[in-house]
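[1] Fold the stuff below for me.
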Amino acid sequence: MIVAAAVLFAALPTRTSTAQTQGHPERKVVRKIAPFYPDLAKLMHVSGVVKLEVVVRANGRVKSTKVLGGNPVLIESATNAVFQWRFEAAPVETTEVVQIAFELPQS
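    Reported below is the predicted structural model:
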């Protein structure tokens with residue numbers, strides 16, 4: 001089931017980007033996991049951007065996330081993916097803003 005879902009997901013593009021937050025330069029993402037495109041979102045033809053505030057520990061692991069916007073059908077998938085991301089190490093914990101775009105292929 002997971003393999004089939006991964007194959008289906010590979011055909012559905014998602015774009016990710018990070019945005020700089022005030023007070024510090026943007027931390028580079030060193031490992032990015034693409035979110036799974038939810039079946040319900042595909043059935044409903046839902047696309048859009050999920051915006052998350054991400055607290056990143058000094059070691060680069062994600063500590064917590066807070067939803068800043070996005071379609072509820074896409075939020076869980078985006079959040080689950082971001083928790084697997086790794087950022088570059090830094091002297092202190094930082095807060096980053098991440099946007100993940102879900103786009104259905106044009107038919």
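
[2] how about low-confidence regions in the chain?
    Residues of the chain meeting the criterion pLDDT under 70: 1-25, 107.

[3] all helices in it, in order from the N-terminus.
    Secondary structure of the chain (DSSP state H): helices at 2-10, 39-43, 72-82.

[4] And the contacts of the longest one?
    In this case it means helix 72-82. Helix 72-82 is contacted from outside by 33-38, 40-41, 44, 46, 48, 50, 52, 54, 62, 65, 67, 70, 98, 100, 102, using CB atoms under 8 Å, 6 or more residues apart in numbering. Placement of C-beta: from N, CA and C, glycine included.

[5] and those, which are buried?
    34-38, 41, 46, 50, 52, 54, 62, 65, 70, 98, 100, 102 (16 or more other CB atoms under 10 Å).

[6] The residue nearest to residue 104 when sequence neighbours are not counted: neighbour count?
    Nearest-residue entry for residue 104: residue 47, 5.0 Å, with adjacent residues in sequence omitted and distances by CB to CB, 6 or more residues apart in numbering. When neighbours are counted by other CB atoms under 10 Å, residue 47 registers 18.

[7] check contacts around residue 47.
    Contacts of residue 47 (CB under 8 Å, 6+ apart): 41, 101-104.

[8] Closest to residue 84 out of these?
    When the contacts of residue 47 are compared for distance to residue 84 (CB to CB), residue 102 wins out at 16.7 Å.

[9] Could you work out the end-to-end span of stretch 86-94 for me?
    13 Å (CA to CA, to the nearest Å).

[10] Only the buried residues of it, if you could.
    Quick answer for stretch 86-94 (16+ other CB under 10 Å): 87, 90, 94.

[11] The second one contacts residue 58, doesn't it?
    Put plainly, it is residue 90. Yes. Applying CB atoms under 8 Å, one finds residue 90 in contact with residue 58, separated by 5.7 Å.

[12] Counting only strands, which of the buried residues of stretch 86-94 make the cut?
    Mapping the buried residues of stretch 86-94 onto strands (DSSP state E) picks out 87, 94.

[13] Can I get the buried residues of stretch 86-94 in a markdown table including distance to residue 75?
    Formatted as a markdown table, the buried residues of stretch 86-94 follow (distance: CB to CB, whole Å):
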| residue | distance to residue 75 |
| --- | --- |
| 87 | 20 |
| 90 | 26 |
| 94 | 22 |
